[in-house]
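K.L.:
Following is a predicted model, sequence given first.
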Amino acid sequence: MNPFTNCRVVGSGINPEVYHAVTERRGHRDYPVSKSMLSEFASCPARWIRGYERPESKALTNGSLVDCLLLTPEKFDHTYFVLPETYPAPATHAKVKKGEISAGDPLPWNSNASVCEAFVEANKGREAVKTKEYLEARSAVSTVLADSSLSEMLHLAQKQVMVVGEYHDRATGITVPAKALLDIVPAKDGTFGKFRIDFKSCRSAAMRKWVRDCFDYGYGMQAAFHGDLHDAATGEDRPSFAHIVQESVAPYHVEKRLLSVEFVELGRGQYMSALALYCRCLSSGVWPGYHADTVIEGFQLVQPEAWMVMAGDQRPFEINERDEDKPAEREDDLIP
């Protein structure tokens with residue numbers, strides 16, 4: 001049974017910054033829940049309520065650039081600007097005065113140069129991208145579009161589709177708003193009309209690594225959460241959730257992956273449990289820390305896992321009885 005009600009599609013081509021913007025404070029019942037928010041909350045409610053945010057990384061920034069060029073290229077010029085590799089040497093430059101170069105000759109881009117500072121200031125409000133990063137992102141996008149089936153699907157699909165709705169928790173009587181941003185919703189009458197598709201970048205698209213990534217990063221949870229919200233908003237039947245998986249290093253290899261029913265059902269159970277816990281926290285005002293099976297006098301008991309016990313039985317630690325404060329014996333001291 002779909003747990004979401006009062007759902008609707010806000011639109012497509014939604015800027016991720018607009019989607020992620022939140023004005024409500026954490027702990028308020030009007031704070032919108034999303035898959036990423038639920039993942040961060042469920043890991044440690046006490047940390048989340050105090051303002052935890054996932055640290056940004058260069059990989060995430062570059063991933064956002066590729067996302068923009070692939071999914072909403074028409075928004076690139078509104079979001080980014082490319083830093084030139086060179087700038088024209090001014091007449092006041094030391095090398096010009098010495099006669100080593102002429103005014104107007106190209107110099108390597110220097111963020112401290114007045115001409116460069118003026119260029120950046122003129123583009124204030126947009127994110128600066130180095131030429132190398134831009135060309136790498138363009139190359140990555142070209143690799144995806146080289147697959148004719150993906151290129152045709154993307155041309156006809158809706159991208160960056162925002163959906164909103166509500167979740168009502170029976171146990172507490174609390175209703176909270178929910179939202180999702182779907183990367184790709186293929187045309188209903190096309191080959192992938194039963195699909196919803198997400199674009200993911202990773203260091204390695206090897207199957208074994210990817211299966212672990214799907215579990216570690218909650219991709220099954222995302223598939224279920226986004227799918228249920230979108231189903232409730234549209235009434236469509238799209239049982240398949242797939243990924244376009246691209247490696248983040250050249251030659252930007254691409255694989256096409258389809259999540260199994262078992263992965264999606266596992267994810268559905270995860271997001272349902274997280275929503276129930278979230279509503280209990282809202283109701284009680286108690287936001288617990290990391291989960292532990294056993295707590296003694298307020299301390300969480302740390303026990304070895306089964307595989308650690310097995311490994312310990314097979315490979316016992318070597319005990320070094322040498323006094324660490326004394327110098328190690330030389331090899332020739334050990335010869336009788």
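P.N.:
Perfect, thanks for sending it.
K.L.:
buried set for stretch 33-50?
P.N.:
33-42, 44-45, 48 (16 or more other Cβ atoms under 10 Å). Any C-beta I mention is one placed from the backbone N, CA and C, and that applies to glycine too.
K.L.:
want to throw those residues into JSON lines with secondary structure?
P.N.:
Output for the buried residues of stretch 33-50, formatted as JSON lines (DSSP: H, G, I helix; E, B strand; the rest coil):
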{"residue": "V33", "secondary structure": "strand"}
{"residue": "S34", "secondary structure": "coil"}
{"residue": "K35", "secondary structure": "helix"}
{"residue": "S36", "secondary structure": "helix"}
{"residue": "M37", "secondary structure": "helix"}
{"residue": "L38", "secondary structure": "helix"}
{"residue": "S39", "secondary structure": "helix"}
{"residue": "E40", "secondary structure": "helix"}
{"residue": "F41", "secondary structure": "helix"}
{"residue": "A42", "secondary structure": "helix"}
{"residue": "C44", "secondary structure": "coil"}
{"residue": "P45", "secondary structure": "helix"}
{"residue": "W48", "secondary structure": "helix"}
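K.L.:
a markdown table please, covering those residues and showing distance to C214 and pLDDT.
P.N.:
Formatted as a markdown table, those follow (distance: Cβ to Cβ, whole Å; pLDDT from 0 to 100):
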| residue | distance to C214 | pLDDT |
| --- | --- | --- |
| V33 | 21 | 97 |
| S34 | 18 | 97 |
| K35 | 13 | 96 |
| S36 | 15 | 94 |
| M37 | 19 | 95 |
| L38 | 17 | 96 |
| S39 | 13 | 94 |
| E40 | 18 | 94 |
| F41 | 20 | 96 |
| A42 | 17 | 94 |
| C44 | 22 | 95 |
| P45 | 24 | 96 |
| W48 | 23 | 96 |
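K.L.:
any idea which of these is closest to L107?
P.N.:
S36 (42.7 Å; Cβ to Cβ).
K.L.:
Tell me the spacing between that closest one and V120.
P.N.:
31 Å (Cβ to Cβ, to the nearest Å).
K.L.:
now do Y167
P.N.:
Y167 is 44 Å from V120, by Cβ to Cβ.
K.L.:
When those two are compared, which one has more neighbours?
P.N.:
Between Y167 and V120, counted using other Cβ atoms under 10 Å, the more crowded position is Y167 (22 against 13).
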